[in-house]
Each structure stands twice: as C-alpha cells, then as structure tokens.
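# give me a model of this one.
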Amino acid sequence: MTDHFSHAHLVENLLPAVHEAGTAVMRIHADGVVANRKADGSPITAADNASEDILLGAIASAAPGITIISEENAASHGISPPDRFFLVDPLDGTKEFLRPDGQGAFTVNVALIEQGRPVMGIVYAPALGRLFHSGDGQTPVESAGDRIRALAVRSAPSAGLTAVASRTHLDPATNGWLAAHGISKTQAIGSSLKFCLVAAGEADVYPRFGPTMEWDTAAGDAVLRAAGGHMETPAGDEFTYGKPEYRNGPFIACGGFRPITAFA
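Model prediction:
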C-alpha cells in the first residue's frame, strides 16, 4: 500500500483486545462448554461468539473503515475482498477447545491482508499462555508471561525434518506428501499453532491438503512469513488471500527448506 498505515501501532492497539478475548474464552472453557452446530456442521460455542464480539469492536475502533471478514459473521463472507481487509478467527480449533484432554491447542486470531498478502498477524493460545505477533517491517515475537523472544525459522536440520499436522484432519494426500519428502517425524497439534511452531523453529513444515478457510490461516501465515518462512501451493505458486468465498486450496507452510514444487 502507498499510505503510512502503521502495522506496529495497530498491533499495539489490538493486543489488549486479543488478551481480553482469550480471557473470555478461558472463562467459558472453565465453566463448561456446550457446542451447537452451524449450517455446515462445524461446532460453535459461546466462546466463539464472545471472542468475536470483543475483537470486532476493537478492530472497528482501531482501524475504522477497514473491512472485517470474520468466521462467525456469515454476512461478511459475501463481501468482495478490497485491497486491504482483516481476517478474524475468534476461536480457531473449536474441536480442540471441546476436547477433554486439556492440550489447549486453540487460538484467537487476527490478521490484516494487503493486496493479497498477510502483513500483520496476532495468534494467541490462551490455555498455553503463548502469544505470537508480527507486522510488516517488524521482527516477529512470541511472548509468554514476562518472556519475549524474537522468532526465526530454522534451517533444515541434518537429523531430518519435523512436520506439524492437524490432529483431526490428517489425510492420505498429506501422508503422501510427507512420504515423498522423506519426513517421518510428525507432531500432531490443532489450530494455527502449527504455523507458529514453524515460525519459532520448533518444526520445519506444515503441509495441508484438506479444506481450510482464509481466516484459519492468515494470522499464523503472517507470523511465519515475518519469521523468514514461506507459504506456497503444492505446485510452488505463491499463496494469496481474497480468493472466492475466502476458501483456501492446499498449501505448504515452510521454514528454512524448499519442498518439491512439482508435487500436486
């Protein structure tokens, strides 16, 4: 974009709301969760709605006039994407949120898209106390309590690559991609945390062939790209945002190695 819109200032203004949304999510989680079903059969809880209410209000105040596309606002899904817009997933990993095992692999997500690219991202995993954020021109960071560290992807380790994959959506296409790249070590975890683990140098790649929506991926993608990673299609093309119905195709989110680009 040609104006002087400050991503750093935007992140600073939105972080309190993201924390507030995470607190609301955890309060509902502690009180016991009742899930309903949306029209597409996916689950929705009071935590999704509470988080969205907080985030949409904060974004509208911090960046008035910029379009917001949010998972739980179905009316927004029919908006034609402008050059600049927000993508919001108030609770990514609702299935993880509903699991009794307490892994905490669910996140609050806000991303800003400019000309098809994710240029700002905030990902907060309130149950784990991990917060990741980035903006164009900024060093991406993770904060956990009083600890703050810069994020950077790692080079491909000589001992072999580690992939992160969905706990609930691992499929034959993903298994085939992993086998084709000789990757045998896989960490299963939910939500946009997969992007953040690659960005933090804790894993090397996140391949995804199953269906996702743009609000599922944008915030984590922004953090990953800022940390030196890249996001591409299995054929090696650039992965962009503002696609029809905000629906993603397959993608490979990578750290410091390049995959086989003819794999599709």
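# how about the helices in the stretch 101-250 of the chain?
Along the stretch 101-250 of the chain, the stretches classed as helices by DSSP state H, counting those that start in this stretch are 172-180, 193-199, 214-226.
# please work out the average pLDDT along the shortest one.
This predicted structure assigns helix 193-199 an average pLDDT of 97.
# and that helix, what does it pack against?
Here helix 193-199 touches strand 117-125, strand 130-135, strand 162-165, strand 205-208, helix 214-226, strand 251-254, going by 3 or more CB pairs under 8 Å, 6 or more residues apart in numbering; DSSP states H and E. C-betas here are computed from N, CA, C, even on glycine.
# ok, 6 Å please
Where contact means 3 or more CB pairs under 6 Å, 6 or more residues apart in numbering; DSSP states H and E, helix 193-199 is packed against helix 214-226.
# ranking helices and strands of this protein by mean pLDDT, which lands last?
One helix or strand of the chain scores below all others by mean pLDDT, DSSP states H and E: strand 36-37, with a mean of 70.
# pull up the pairing partners for whichever helix or strand comes after that strand, direction included.
Downstream of strand 36-37, the next assigned helix or strand under DSSP states H and E is strand 43-44. Sheet pairing for strand 43-44, assigned by DSSP bridges, gives strand 36-37 (antiparallel).
# my guess is residue 72 meets residue 50, correct?
No: using CB atoms under 6 Å, residue 72 is not in contact with residue 50, being 10.4 Å away.
# by mean pLDDT, show me the worst of the helices of the stretch 101-250 of the chain.
Across those, helix 172-180 gives the lowest mean pLDDT, at a mean of 91.
# and it, how far out from the chain's middle?
Distance, stretch centre to chain centre, for helix 172-180: 22 Å (CA atoms, centre = their mean, to the nearest Å).
# same thing with stretch 243-250?
The answer for stretch 243-250 is 15 Å, by CA atoms, centre = their mean.
# give me the contacts around that stretch.
209, 212, 213, 214, 234 (CB atoms under 6 Å, 6 or more residues apart in numbering).
# show me what the lengthiest helix in the chain is packed up against.
Taking DSSP state H as the criterion, the chain has its longest helix at helix 7-31. Here helix 7-31 touches helix 46-62, strand 107-114, strand 117-125, strand 130-135, going by 3+ CB pairs under 6 Å, 6+ apart.
# and residue 94, which of those is closest to it?
With CB to CB as the measure, helix 46-62 is the member of the helices and strands packed on helix 7-31 nearest residue 94 (6.4 Å).
# residues contacting residue 230?
Going by CB under 6 Å, 6+ apart, the list of residues near residue 230 reads residue 254.
# from residue 122, how far off is it?
Distance from residue 230 to residue 122, counting by CB to CB, to the nearest Å: 20 Å.
# what do you get for residue 254?
Residue 254 is 21 Å from residue 122, by CB to CB.
# can you list the domain ranges for the chain.
7-150, 162-254 (automatic domain parsing).
# out of those domains, which comes closest to residue 156?
domain 162-254 (6.3 Å).
# any idea how far apart the tips of that closest one sit?
Using CA to CA, to the nearest Å, the end-to-end distance of domain 162-254 comes out at 11 Å.
# for residue 252, what are its contacts?
207, 232, 259.
# out of the residues you listed, which is nearest to residue 181?
Looking across the contacts of residue 252 and measuring by CB to CB, the closest to residue 181 is residue 259, at 6.1 Å.
# give me the nearest residue to that closest one, chain neighbours excluded.
residue 252 (5.3 Å; CB to CB, 6 or more residues apart in numbering).
# same check, this time on residue 204
residue 161 (4.3 Å).
# count the neighbours of the one you found for me.
Residues lying near residue 161 (other CB atoms under 10 Å) number 21.
# same check on the one 5 residues further on?
By the criterion of other CB under 10 Å, residue 166 has 21 neighbours.
# check the gap between it and residue 70 for me.
22 Å.
# again, but for residue 76
On the measure of CB to CB, residue 76 and residue 70 end up 6 Å apart.
# residues contacting residue 195?
Residue 195 neighbours (CB under 6 Å, 6+ apart): 220, 221, 224, 253.
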